[in-house]
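**Q** have a look at this prediction, sequence included:
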Amino acid sequence: MKVYKIIKILLANLAVLIVLLLFCEIIMRMRGHKPWDKHGNKVDIEVIPERKFYDRDTLLGYRLFPGKFKLRLKGVHEFTMEHDSWTQRITSPIKDQEGIKQPEIWILGSSFTYGWGIDDNETFAWILQSNLTDFKIRNWGVAGYGTIHTYLQLKDAIKKGIKPNSIIINHSDYHFGVNTFCNANRRALVGWNFLGEVNQPYATLNEDKTLNIEHSKIVYDPWYFSEYSALSYYGSVKYEEYVDKNNKLTEIEITRLMYEKIFALCNENQVKVLLMSMEEDLNFIKDVSAKNNILFLHNYVNLDEKGNSNMPYDHHPSAKANKIYAEKLYDYLKNSPLIEYK
């Protein structure tokens, strides 16, 4: 009889819990929250004609496919680009690059550097090349890359006997999460997998404060039932945000150490360095540049102002903003030790 009562109480409590969860689920749905949709998370990008945009790379996780591409965002906004044999976005017509040996300036970064959302000749790297005709400008930027990719790109190139005269590293605080492959980064990148086989390098911090670089497939696994329950998915995201917030200081430390590796590599190979930021907040990167005696340029444009981004299709810098970036960078370089300007 006693066992029967215990079972009865447990079933009653379970029924109350189920009703409570169903009530919370209804409230979440009414507030616009949805379950995790691994197919619906796919970013609204079309490659025209349909083909792969990214190729797997054992070092960098992924790289650009060479060739000409047209992309369409949200079924409306189109832009074209060409990637050369180095799998880099071109900064001048291919025919103008053939057989020319010039001092090189490399620009490294992510989507702002690449020029996401605009045509080749609208990117700040292209405009800078048209002004600095005595130099070869190489655009190493790739959407989704971070400081870890900059380090791996530079280290691999120098190992192969290829090095520039100067590099410009375009920093973003977004790179903190890229460098450690945080939960938010996993959740965001999984929707890009259809553009090619995409992996991700990331760094962890050893007990002796050295860096350990690993690779991972870009997968995202929220809590159980997240595909069916808005409540479960919401809870999963909130927990991930909590974990990411607690790991923020580690992310910053890893990024700082990554920059020190880059600076040491450049110093060993007589490569001049300029740190550049297109963000409003400069606390981290200005501190890094000052402590390491590295040149710094704040190249900021307010993307919330009308015409400075590709909104409503995309919040990346517009052609107008890229023109401003190019002008500020050119004016800085003319009077900097990074180049011997004629």
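**A** Thanks, I have it.
**Q** just the strands in the stretch 101-250 of the chain please.
**A** 104-108, 136-139, 166-171, 199-205, 211-217 (DSSP state E, counting those that start in this stretch).
**Q** what about the ones you listed, which gets the closest to residue 290?
**A** strand 166-171 (13.6 Å; Cβ to Cβ). The way it works is simple: take the backbone N, C-alpha and C, and place the C-beta from them, glycine included.
**Q** what's the angle from that closest one to strand 104-108?
**A** Counting by axes from the mean of the first three to the mean of the last three Cα atoms, to 10 degrees, strand 166-171 lies at 10 degrees to strand 104-108.
**Q** neighbouring strands - and their directions - for strand 166-171?
**A** Here strand 166-171 is paired, per DSSP bridges, with strand 104-108 (parallel), strand 272-277 (parallel).
**Q** just the buried residues of the first one, please?
**A** What it means is strand 104-108. 104, 105, 106, 107, 108 (16 or more other Cβ atoms under 10 Å).
**Q** leaving out the residues flanking it, which one is nearest to the first one?
**A** When the adjacent residues along the chain are set aside, residue 104 lies closest to residue 164, with 4.1 Å between them (Cβ to Cβ, 6 or more residues apart in numbering).
**Q** and the one you found, how far from residue 260?
**A** For residue 164, the distance to residue 260 (Cβ to Cβ, to the nearest Å) stands at 19 Å.
**Q** of the strands paired with strand 166-171, which is nearest residue 215?
**A** strand 104-108 (19.6 Å).
**Q** what does the pLDDT read for the most centrally placed residue in the chain?
**A** Nearest to the geometric centre of the chain sits residue 144, at 2.7 Å (Cα atoms, centre = their mean). The score at residue 144 is 93. That number is its pLDDT.
**Q** identify the residues contacting it.
**A** Neighbour list for residue 144: 62, 110, 111, 178, 189, 192, 198 [criterion: Cβ atoms under 8 Å, 6 or more residues apart in numbering].
**Q** any weak-confidence spans in the chain?
**A** In the predicted model, the chain carries pLDDT under 70 at residues 1, 39-40, 94-100, 340-342.
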